[in-house]
Each structure stands twice: as structure tokens, then as C-alpha cells.
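[1] I would like the atomic coordinates for the input below:
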Amino acid sequence: MKITWFGHSCFRVDTGASSILIDPFLSGNPTFEASGLKVYDAIKGVTHVALTHGHEDHTGDTLTVCKETRAIVIAVFELAEHLAGLGVSSYSPGNTGGMQRHEDFDLGAKTASLACKKYFQFETIVPCHYGTFPIIDQTADKFVAEMTGQNVVVPKVGASFEV
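    You can find the predicted model right below:
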């Protein structure tokens, strides 16, 4: 599995058959824009868009991504239905605590807990949600300092790493 961070809470996870873009806030994301990367390059080949919630700094470029790639939106029911009303043609609405199975990945409480057990036993920790707006920390430095002795990976925007 290859993970690429694009700033704020936007990650791309390439699993093999699927390329999932999580919270595609690219346009207007100062961290992403300062990287010199282009939206087209970040979304090329995306098969799914997973949204954690409906704030603009998380839904961001969802409509553009879906128009360009025909990606399936995965979101809570109300958000998925709202985006369908805005033109998203393929979506997978879910409910809190439910399970969604896709080609080579699952999303749901059980798989989330398994991921937490695997990735958050401090084998690898990846900070996010910093460096975009003045109200939030501009670097991951404070987080990294609190995690002394742990394997914290702070990727550069657009850089990928394997887990």
C-alpha cells in the first residue's frame, strides 16, 4: 500500500486495484498549492473519494475529482446524497458504524479498529491537519516533540511512503 499526503487531511492511498483520495482539499489548500503540484496529477487514476465529513476543507475538490475520474464517493448517507444532487454520478452512502466493501478495501468500524491496531501501536505515525490556516499549527513540530521515541513520518507534500 502506498500513501501520499497532499496537505491538511488529504491523503491518497493506492492499494493495488484502487486509488482512494481521502478528503480531497487541494484547490485553495495553501500547503498543497505551495508544493507546486497540480490537481490533475494528484487525482489521476483515482477510483474512490472517501470523505470524513462535510466541511469544505475536507470535501474540497470532490466534484472536480468525480467529474474527471468518475470516482465513487464514499461518505455518510446525507453527504453522499447531497453530492449526488450536485452532480456526483457514483456514490456509496454509508451510516455510522456500517461496513462498506469495495474492490480491494473495506471501510467501516471493524476495519477502522483493525487499522488503528496495526498502524497506531506506534509502529508508524503520520501527522496531518496542520500548515493550512493560521488558526491551526503551521508545522507538525509540536506533535513530533510529543511523540519522542516513536516512529513519526512527516512526509513532504506529494511525497509517498510505503506501509
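[2] Not counting stretch 79-95 itself, show me its contacts.
    For stretch 79-95, the surrounding residues in contact (C-beta atoms under 8 Å, 6 or more residues apart in numbering) are 51, 53-54, 59, 62-63, 66-67, 70-77, 100, 102, 107-108. In this view, the C-beta of every residue, glycine as well, is placed from N, C-alpha and C.
[3] pull the CA atoms of it into CSV?
    C-alpha atoms of stretch 79-95 as CSV (Å, rounded to 0.1, in the frame of the first residue of the first chain):
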residue,chain,number,x,y,z
LEU,A,79,-23.3,13.9,2.5
ALA,A,80,-23.3,11.4,-0.3
GLU,A,81,-26.9,12.3,-1.2
HIS,A,82,-26.1,16.0,-1.2
LEU,A,83,-23.1,15.5,-3.5
ALA,A,84,-25.3,13.4,-5.8
GLY,A,85,-27.6,16.3,-6.0
LEU,A,86,-24.6,18.4,-7.1
GLY,A,87,-23.8,16.1,-9.9
VAL,A,88,-21.8,13.2,-8.5
SER,A,89,-22.9,10.2,-10.5
SER,A,90,-21.5,7.3,-8.5
TYR,A,91,-21.6,7.2,-4.7
SER,A,92,-21.7,4.7,-1.9
PRO,A,93,-23.6,6.2,1.1
GLY,A,94,-23.0,4.7,4.5
ASN,A,95,-24.1,5.0,8.0
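[4] ok, the residue nearest in space to the middle of the chain to Gly85 distance?
    Most central in the chain under C-alpha atoms, centre = their mean is Ile22, positioned 2.2 Å from the mean C-alpha point. From Ile22 across to Gly85, the span is 22 Å (C-beta to C-beta, to the nearest Å).
[5] for His8, same thing?
    Relative to Gly85, His8 is positioned 25 Å away (criterion: C-beta to C-beta).
[6] okay, the two: which has more neighbours?
    Under the criterion of other C-beta atoms under 10 Å, the comparison of His8 against Gly85 puts His8 first, with 25 against 8.
[7] Same question for stretch 87-103: list its buried residues.
    By neighbour count with 16 or more other C-beta atoms under 10 Å, stretch 87-103 contains the buried residues 88, 91-94, 100, 102.
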